[in-house]
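>>> Show me how the following folds:
(4 chains)
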2 protein chains.
Amino acid sequence: MPLSDDALELVARRFAVLAEPMRLRLIQALFEGEKNVNALVVVSGGSQANISRHLQTLTQAHVLSRRKEGLQVFYAIADPSIYKLCELVCGSLEKQFTKHAEVLGG
Amino acid sequence: MPLSDDALELVARRFAVLAEPMRLRLIQALFEGEKNVNALVVVSGGSQANISRHLQTLTQAHVLSRRKEGLQVFYAIADPSIYKLCELVCGSLEKQFTKHAEVLGG
DNA sequence: GACTAATATGAGCATATACGCATATAGTTG
DNA sequence: CAACTATATGCGTATATGCTCATATTAGTC
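Numbering: from 1, shown residues only, chains lettered A, B, ... in the order given. Modelled structure (predicted):
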């Protein structure tokens, strides 16, 4: 059964949220566990403003969760499917390169 | 071990390729099996030019394969991980809505 | 070779969004 | 309340990309 137009839009938006290197870097950093904004700024190498915006995007998409504690805000992976998504894509890309290497190697 | 910047770019691009509703519609149509461009134009409801462009994007990303047969060009799913990717995202979105419904329902 | 059919592509436009800069808001401490 | 810290946001700009229209290319047919 095909997905409706609305469903396709949602799925597309979901992928779009994951389609930015900086956001992937943040997600990757959070694989280690919950972190506050400043820690994410440091580890990602981005500007505070930009990181804040990306975190907002990820949170609105329910990829991350947000927890306020005094002055700080802690973010964490909220959607466990993210782990498998990233694994799948990485695996697929690896296969692609392996094939490429085989072709190049003869 | 964190991914390199280059790897993150590749993963992001991979997600970006899947971040368009029209491309998802094409992929979904191809779940049934190989189809030529015209069939995809009809089923997707898009213009011939636009569909051709999207097919190019998907092929360059190695998501689809391309087979020429006379005047026609047949496209098919080349990367099997696409199935699981879509399943994962759909499942995750369903969970989100279920949760939402629970909250709304009390 | 002229004509037709199937697909691809060039050009231009409209929209989305990532980023930087500056500033606003929320919370803490003196 | 003033000063400070941590995070968020308004605004402008640059870039990317999806779409359309027209046309090019490729391949088959008479």
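>>> Measure how far stretch A:32-40 is from the centre of its chain, please.
14 Å (C-alpha atoms, centre = their mean, to the nearest Å).
>>> Ignore what I typed, I meant stretch A:64-72.
Stretch A:64-72 sits 18 Å away from the centroid of its parent chain (C-alpha atoms, centre = their mean).
>>> for stretch A:1-17, same thing?
That offset, for stretch A:1-17, works out to 17 Å (C-alpha atoms, centre = their mean).
>>> again, but for stretch A:7-26
Chain-centre distance of stretch A:7-26: 7 Å, with C-alpha atoms, centre = their mean.
>>> What distance do you get for A:His62 to B:Arg23?
According to C-beta to C-beta, to the nearest Å, A:His62 and B:Arg23 sit 23 Å apart. No exception for glycine: its C-beta is placed from N, CA and C like everyone else's.
>>> out of these two, which sits in the busier spot?
B:Arg23 (25 against 17; other C-beta atoms under 10 Å in any protein chain shown).
>>> Now do the helix or strand where A:His100 lies: which elements does it pack against?
Remark: A:His100 resides in helix A:81-105, with elements defined by DSSP states H and E. For helix A:81-105, the packing partners by 3 or more C-beta pairs under 8 Å, 6 or more residues apart in numbering or on different chains; DSSP states H and E come out as helix A:21-30, helix B:5-17, helix B:81-105.
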